[in-house]
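1. need a 3D model of the sequence below.
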Amino acid sequence: MNLVLFFNLIAGLLDFNYGNLFGDSFVASPLILAEKTILNLSVWIIGLFSYDWCKKANNLPEFYLLLLTSLLGMFLMLSSRNLLLFYLGLEMSSLPLAAAAGFDFGRRNSPEAAMKLVISSAFSSALLLMGISWLYGLTGTLDYSGLMTHIGHSPLSILAFLLILSGFAFKISAVPFHLWTADVYQGAPTAVTAFLSVVSKSAIFMVMIPVFYQTFEEKIDIWHPAMILLALASILVANFFAIRQDNLKRLLAFSSIAQVGFLLIGFSAHTQSGATAVLYFLLIYLFSNLAAFGVVAVLSAHYNKEQIGDLSGLYKQHPFLSWILTIALFSLAGIPPTAGFFGKFFLLLSGSGTGNYWVIGIAAINMVISLYYYLRVVKTIFMDQPVHEVPKQPISFPVKFALLFCTAGIVLIGFLGFFYEHLFQLLNGIN
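-> Residues are numbered from 1 along each chain as shown. A predicted model of the protein is given here:
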């Protein structure tokens, strides 16, 4: 199956014809191809580090079918230029993930995670669909280009837009729409948790660029301050709760919410450099978060351990895993010279272009605060004495390759300016 995912990644790199279909409702462009390649790369890496878990799992073909169906729905979202087509892609990506979240049949909290994901997805989709239906009643169109010229500034259009904004906020787990995140991340299989954290959120942010930067550009006086509020709330609340976590997957859940806050700061710039910073950080976030979840997947598959306390003295027994997790956490914290530092630098630099220096100041202070819970894990790994000896088990080649590949990405992407420059060129024309 990993070979299938690899060939899917390679096929996405081929130079196909670009154009529009279905009355310009479906678009293929170099930018969309690059975004789909990022998602393909993420799914391939998830498949690699889930190799050991997959060997023990039941109903493996169905599991991969659900993930690939969800990925197909995300591709439909990225190419859609019609809100109804976007909604169909969103549902196609969300429902299979809810089923996949309950695939860890040996754990009681896996079905609970699936149910919470179903309920939260249904609620957010209802808000989104209600906003879309009101916009159609007001404008008579759901095409992005038509909404740009007909949306207006009536109170009902503003309310419809706020409903759509709330639906997006649910999907990216922005505070206060985040309450489902930690429980679902903890209960779902690690592969699904990584998919939700990286692939799902990346797809939504990629969709938000054309939707908010172009279609809803006339509403910037509403969504700009809303993005700032969501960003600050996400960073502050996530850091506060992350400090209290003892479970690695819950810690990474609140870490991902904090990263969403930084992404929203860069997104609020409403410039080509802001959109570039968002996509660039998503690429870095891919390698950083998947490296961390890869280590969690190994610990969970081999030792059934996910608590931070279980990492005591891990360096003495598994130095390879210890260094991989440490580098990943340093990148998530934004510590130089990891790529995470460069990613957050560009996000904050883009956000400062709007003159919100107080927002940048609060975000910078919270970067320092986040060091506490990231370094707490590092301290447990390198300085604490092991509670009990754990027999060392060999790491399979696919898993080791995935972890090394992610680590190379964390180290190299920040120093290779090609990635940022290429994304900047692809986003030419974004306001």
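
2. could you use CA atoms for every contact and neighbour count after this?
-> Will do.

3. quick check: chain neighbours aside, which residue is closest to Gly261?
-> Nearest residue to Gly261 in three dimensions, chain neighbours excluded: Ala231, at 3.9 Å (Cα to Cα, 6 or more residues apart in numbering).

4. distance from the helix or strand harbouring the one you found to the middle of the chain?
-> Counting by DSSP states H and E, the element that carries Ala231 is helix 220-242. For helix 220-242, the separation from the chain centroid amounts to 16 Å (computed by Cα atoms, centre = their mean, to the nearest Å).

5. burial count for the residue nearest to Gly261?
-> 27 (other Cα atoms under 10 Å).

6. hmm, back to that, for the next helix or strand after the helix holding Ala231, name the packing helices and strands.
-> For helix 220-242, the succeeding helix or strand toward the C-terminus, using DSSP H and E, is helix 248-267. Using 3 or more Cα pairs under 8 Å, 6 or more residues apart in numbering; DSSP states H and E, the elements in contact with helix 248-267 are helix 181-187, helix 220-242, helix 272-303, helix 339-352.

7. with just CA atoms, put helix 248-267 into PDB.
-> Extracted C-alpha coordinates of helix 248-267, given in PDB (Å, rounded to 0.1, in the frame of the first residue of the first chain):
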ATOM      1  CA  LEU A 248       1.700  13.100  24.200                       C
ATOM      2  CA  LYS A 249      -1.100  13.100  21.700                       C
ATOM      3  CA  ARG A 250      -3.100  15.600  23.800                       C
ATOM      4  CA  LEU A 251       0.000  17.800  24.100                       C
ATOM      5  CA  LEU A 252       0.400  17.700  20.300                       C
ATOM      6  CA  ALA A 253      -3.300  18.500  19.900                       C
ATOM      7  CA  PHE A 254      -3.000  21.700  21.800                       C
ATOM      8  CA  SER A 255       0.300  22.400  20.100                       C
ATOM      9  CA  SER A 256      -1.500  22.100  16.700                       C
ATOM     10  CA  ILE A 257      -4.100  24.600  17.900                       C
ATOM     11  CA  ALA A 258      -1.300  27.100  18.900                       C
ATOM     12  CA  GLN A 259       0.200  26.600  15.400                       C
ATOM     13  CA  VAL A 260      -3.200  27.500  13.900                       C
ATOM     14  CA  GLY A 261      -3.000  30.800  15.800                       C
ATOM     15  CA  PHE A 262       0.300  31.600  14.200                       C
ATOM     16  CA  LEU A 263      -1.000  30.600  10.800                       C
ATOM     17  CA  LEU A 264      -4.000  32.900  11.200                       C
ATOM     18  CA  ILE A 265      -1.700  35.800  12.000                       C
ATOM     19  CA  GLY A 266       0.100  35.400   8.700                       C
ATOM     20  CA  PHE A 267      -3.200  34.800   6.900                       C
END
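
8. what's the mean pLDDT across it?
-> For helix 248-267, the mean pLDDT works out to 92.

9. repeat for stretch 31-43
-> For stretch 31-43, the mean confidence score works out to 89.

10. for Ile410, give its distance to Gly353.
-> Note on Ile410: its distance to Gly353, by Cα to Cα, to the nearest Å, is 26 Å.

11. look at those two and report which has more neighbours.
-> Ile410 (29 against 16).

12. separation between that one and Phe287?
-> From Ile410 to Phe287 the distance is 6 Å (Cα to Cα).
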